[in-house]
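In: How does the following fold in three dimensions:
(one chain, ligands or ions: 1)
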Amino acid sequence: MENVVYVSAIDGERFGIKTARAEKVTKGNLSRVLEFCLNGKVSFLIGRCSAQDLDVAQAMEAQGFLIMDTQIYYLKDLKVGIPTMDSHPVNIRPVVSGEIEKIREIASDAFRGYYGHYHADPRLDKYKCDEAYVSWAVRSCLSKEVADEVLVAERDGDLVGFATMRLNNPSEGEGVLFAVSPRAQKTGVYRRLISSGINWCRTKGATKMIVSTQITNFAVQKVWVREGFEPLKALYTFHKWFD
Ligand SMILES: CC(C)(COP(=O)(O)OP(=O)(O)OC[C@H]1O[C@@H](n2cnc3c(N)ncnc32)[C@H](O)[C@@H]1OP(=O)(O)O)[C@@H](O)C(=O)NCCC(=O)NCCS
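Out: Sure, this is the predicted structure:
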């Protein structure tokens, strides 16, 4: 059961609410997930199911879950195509020590009022929702368990964006969390970060790369399609409150 549903210490500390997460809810485990929460006096549950399993989504709705977002995943086959090497005034390189405060600032500016599942829940404090992304970005710089690499975008000696990268297994790389400072947005920095992320996955020996986002984040999906990613799967994120 531990793998299906678990108490999330990070969410609990952030929101001051006993929180559980179930990343793969199915018809077969839904009642056990709910039992775990009731027995463990969980107040708040974040549950995900495949967007293809509408029967599971409807069963969750019947239990009082509310939809918060739809996450869409794309995959790029790294065995085909060649690395993109477009010229751009932004230089992409690994983060170095002493740059964490800058990462914190970029994440804080870019994710203020974002539209992820935390922000969609009116019961969660909006400032703490913003902080979820900021602390994720900072932890990515500090712990290899969170990210294997953090790439930064540097323009005229100033950091204007970052990308956190993970090797999920020897063949699969993932571009996890990306942000571009509002003052540098819409100038192609994100596209540059994605193409550098692709190259990072290739140098690690991965044969595929995955990325994901909210289905309404059209800016990033435009870039992914242009860089040769294809849709892979979608997940619904639900929240359930037990009081
Ligand atoms: C989404 C984000 C990373 C895009 O960064 P960016 O450097 O501005 O992106 P690019 O300049 O490479 O632009 C990519 C495309 O998206 C478009 N775009 C960028 N921001 C947009 C927005 N807010 N709304 C609509 N389209 C947008 C660009 O115009 C461009 O399309 P075009 O070539 O047809 O004009 C940036 O806005 C951001 O950090 N947002 C908040 C955090 C986030 O969404 N992170 C990604 C998910 S983890």
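
In: Report whether the helix or strand hosting residue 109 contacts the ligand.
Out: Per DSSP states H and E, residue 109 falls inside helix 100-110. Yes. Counting by Cβ under 6 Å from any ligand atom, contacts between helix 100-110 and the ligand involve residue 110. (C-beta placed from N, C-alpha, C; glycine too.)

In: Contacts for that helix next, please.
Out: 95, 130, 133-134, 136-138, 141-142, 150, 152, 159-162, 179-182 (Cβ atoms under 8 Å, 6 or more residues apart in numbering).

In: Follow the chain on from that helix and name the next helix or strand.
Out: Sequence order places helix 126-142 as the next helix or strand after helix 100-110, per DSSP H and E.

In: if we can go back for a sec, report the distance from the helix holding residue 109 to the chain centre.
Out: 16 Å (Cα atoms, centre = their mean, to the nearest Å).

In: what's the average pLDDT for it?
Out: Mean pLDDT, computed over helix 100-110, is 98.

In: What residues of that helix count as buried?
Out: The neighbour-count check on helix 100-110 (16 or more other Cβ atoms under 10 Å) flags 100, 102-103, 106-110 as buried.

In: still on that earlier bit, run through the contacts of helix 100-110 and flag the ones next to the ligand.
Out: Restricting the contacts of helix 100-110 to those near the ligand by Cβ under 6 Å from any ligand atom leaves 179-180.

In: List only those of the contacts of helix 100-110 flagged as buried.
Out: For those, buried by 16+ other Cβ under 10 Å: 95, 130, 133-134, 136-138, 141, 150, 152, 159-162, 179-181.
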